[in-house]
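Enquirer: Output the structure for:
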Amino acid sequence: MDSDDNTAANEHTGMDTEVSTTTTLNVLLDQFKHLTTLSAGSLVLIATFLKDIFPRNHNGTLIVGLGLKLLIAASFVLLGISLVSSVLFMVRFSNKISSRISPSRLDDFLDSKSTVVMQAASLLAFLFGLISFGVAVLINLF
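Expert: Now for the predicted structure:
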């Protein structure tokens, strides 16, 4: 396929096949900003409405079984892990960008095992934190 065919294909789909590095980096950073916001917001909302969702005694202690308490605790821990790992990723990422490293070294950083693990940990911890709390609420309903 020659360059005229590529140009025609791009015009047909309305998309550029080559996205700028800056755009890619901004999108990645925005994803973790959103994940940080969602994790922190989930922690605050769960803590705020916990007393309204689950029954408590006059001392303020939850009147639920150990399984539900463990699910609620797991939810808090997982959302905390998501929040911390997202913030750590953003700090490391921002430090790399501000140090003006070469694009190839930045690619190496983004593809490194520790970076991929941190990204996966923050996303999976967020998802499983929400699932844990959702399951606890559903069990409490029935």
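Enquirer: So for the helix or strand that contains L50, what gets flagged as buried?
Expert: Using DSSP states H and E, L50 maps to helix 21-53. Residues of helix 21-53 classed as buried: L25, Q31, F32, L35, T36, L38, S39, A40, S42, L43, I46, L50 (neighbour count, 16 or more other CB atoms under 10 Å). All C-beta spots, glycine's among them, are computed from the backbone N, C-alpha and C.
Enquirer: Those into CSV, with extra columns for distance to I63 and pLDDT?
Expert: CSV is the format used below for those (distance: CB to CB, whole Å; pLDDT from 0 to 100):
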residue, distance to I63, pLDDT
L25, 49, 76
Q31, 39, 86
F32, 38, 88
L35, 33, 91
T36, 33, 92
L38, 29, 93
S39, 28, 94
A40, 28, 94
S42, 23, 93
L43, 23, 93
I46, 18, 90
L50, 12, 84
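Enquirer: any idea whether S85 is helix, strand or coil?
Expert: helix (DSSP: H, G, I helix; E, B strand; the rest coil).
Enquirer: What separation do you get for it and F133?
Expert: For S85, the distance to F133 equals 18 Å [CB to CB, to the nearest Å].
Enquirer: immediately after the host helix or strand of K96, which helix or strand?
Expert: Element membership for K96 (DSSP H and E) is helix 66-98. Per DSSP H and E, helix 66-98 leads on to helix 103-111 as the next helix or strand towards the C-terminus.
Enquirer: who touches stretch 104-111?
Expert: By CB atoms under 8 Å, 6 or more residues apart in numbering, the residues outside stretch 104-111 that reach it are L25, L28, R92, F93, K96, I97, I101, T115.
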